[in-house]
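Enquirer: Attaching a predicted model along with its sequence, questions to come.
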2 protein chains.
Amino acid sequence: PLDHSYSLTTGTTSTELLRKLNEQRDIIALMEVKMKEMKATIRQLRVSEAKLQEEVRDRDRERSRCRGLHREEEDLIRWK
Amino acid sequence: PLDHSYSLTTGTTSTELLRKLNEQRDIIALMEVKMKEMKATIRQLRVSEAKLQEEVRDRDRERSRCRGLHREEEDLIRWK
């Protein structure tokens, strides 16, 4: 937004501007490092999410199998 | 790193410095937006991870119950 822009009306010298410029450059460098870390975290969480979804699916399949066995056995017990 | 610092030796004017300063300011603003989005994504993925871990635990408990039933029924069938 324009209202936050730096302007020459405050009478800043080139040296001051340069100092600010280098400060900002350092902030950008730090933010880039932070963003890389966050990207790695997101990637890792997505891998973990996929694994967990696979585990839930595996257990759902096993549950269906076990329920099937359970029903067969209930029938066997009922008719024996 | 110092070798990437801006310096006055290149003969940049205050106007140029000011333009660069505002450019960097915009870059920082964009990066802040991006970082907020990434933070929200990470938070959401952590919630999703916790839910999925709970689902896996639920299914593990159910599996133990079903296996227990299965064994009891096998015994019943064997001895009936």
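Expert: Cool, got the structure.
Enquirer: gap between residue A:56 and chain B?
Expert: As judged by CB to the nearest CB, to the nearest Å, residue A:56 and chain B stand 5 Å apart. For every residue, glycine as well, the C-beta is placed using N, CA and C.
Enquirer: Just give the nearest non-adjacent residue to that residue, would you?
Expert: Nearest residue to residue A:56, sequence neighbours excluded (CB to CB, 6 or more residues apart in numbering or on different chains): residue B:55, at 5.0 Å.
Enquirer: ranges for the helices of chain A?
Expert: Ranges of helices in chain A, per DSSP state H, are A:14-79.
Enquirer: Find the residue at the geometric middle of it.
Expert: residue A:42 (2.8 Å; CA atoms, centre = their mean).
Enquirer: which residues does that one contact?
Expert: With contacts defined as CB atoms under 8 Å, 6 or more residues apart in numbering or on different chains, residue A:42 is in contact with B:38, B:41, B:42, B:45.
Enquirer: hmm, 6 Å instead?
Expert: By CB atoms under 6 Å, 6 or more residues apart in numbering or on different chains, the residues touching residue A:42 are residue B:41.
Enquirer: Please determine how far it is located from residue B:50.
Expert: Residue A:42 sits 16 Å away from residue B:50, taking CB to CB, to the nearest Å as the criterion.
Enquirer: So which bits of chain A are right by chain B?
Expert: A:5-6, A:14, A:17-18, A:20-22, A:24, A:31, A:38, A:41-42, A:45, A:48-49, A:52, A:55-56, A:59, A:66, A:69-70, A:73, A:76-77, A:80 (CB under 6 Å from any CB of the partner chain).
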